[in-house]
Every structure is written in C-alpha cells, then in structure tokens.
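# here is a sequence with its predicted model. Questions after.
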Amino acid sequence: MDKTPFIRKHENDVILVQVYVDDIIFGSNNNSMYEEFVVAMQEEFEMSMMGELTYFLGLQVKQLKHGTFLSQSKYYFDLLKKFKMED
C-alpha cells in the first residue's frame, strides 16, 4: 500500500488524490480541475461518485468552510458498545 497522496499543483490550484485498495478520495480548490479529474477517471475506470466524504478507514470526516476535522468517536462508541461499557 502506498501511503503517499498524489498531488498536482498549477499556480495556486491543487488537487489531492489518495488511493486505498479499491477506494479513492480526492479534492481540489479548483472546481474545473476537480471535474477534469472526474472525467478522466470515469473514462479509464468503472467508477461511482459517493458524494462528500464523511467516513474513511475508520475516521469520521467533517468538512466545514474553515477546515476539515477528523474524529474516531464512532469507533470508540462501537468498542464501548461491543464490550457493554456504554455507561
């Protein structure tokens, strides 16, 4: 597994791509760069768009205007529930 994200920059625009097994997450600060990437990927691979990222590899992802936040609270609550320790 390659843990390195792929990064493409053009002037002030950037697109970030991370591949994990058969999942891919990507984002860009430039909408046309984003759309160009989607078209290129769909031409090459059978791909479905799942929408905004909310959960990936055990991490909850919350995207807001002032930043992106990662959390593992669901993982911890599931562990507590599994061992009947919610209280």
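That came through, no problem. Numbering: from 1, shown residues only.
# what about the closest residue to L57 other than its chain neighbours, how many residues nearby?
In space, and not counting its chain neighbours, L57 is closest to Y20: 6.5 Å by Cβ to Cβ, 6 or more residues apart in numbering. (Each C-beta comes from the backbone N, C-alpha and C, glycine too.) Burial of Y20 is recorded as 12 neighbouring residues (other Cβ atoms under 10 Å).
# beta-bridge partners for Y20, please?
D23 (DSSP bridges).
# do the same with I15
R8, S28.
# and after the lowest-mean-pLDDT helix or strand in the chain, which helix or strand comes next?
Ranked by mean pLDDT, DSSP states H and E, the weakest helix or strand in the chain is strand 55-56, scoring a mean of 84. Moving toward the C-terminus from strand 55-56, the next helix or strand (DSSP states H and E) is strand 59-64.
# check which element follows that next one along the chain.
Heading C-terminal from strand 59-64, the first helix or strand you meet, by DSSP H and E, is strand 67-71.
# pLDDT of whichever helix or strand comes after that next one, averaged?
The C-terminal neighbour of strand 67-71 among helices and strands, as given by DSSP H and E, is helix 73-82. Averaged over helix 73-82, pLDDT sits at 90.
# helix 73-82 vs strand 59-64, what angle?
Interaxial angle of helix 73-82 relative to strand 59-64 (axes from the mean of the first three to the mean of the last three Cα atoms, to 10 degrees): 140 degrees.
# relative to the least confident helix or strand of the chain, what are the paired strands and their orientations?
Strand 55-56 has these strand partners (DSSP bridges): strand 59-64 (antiparallel).
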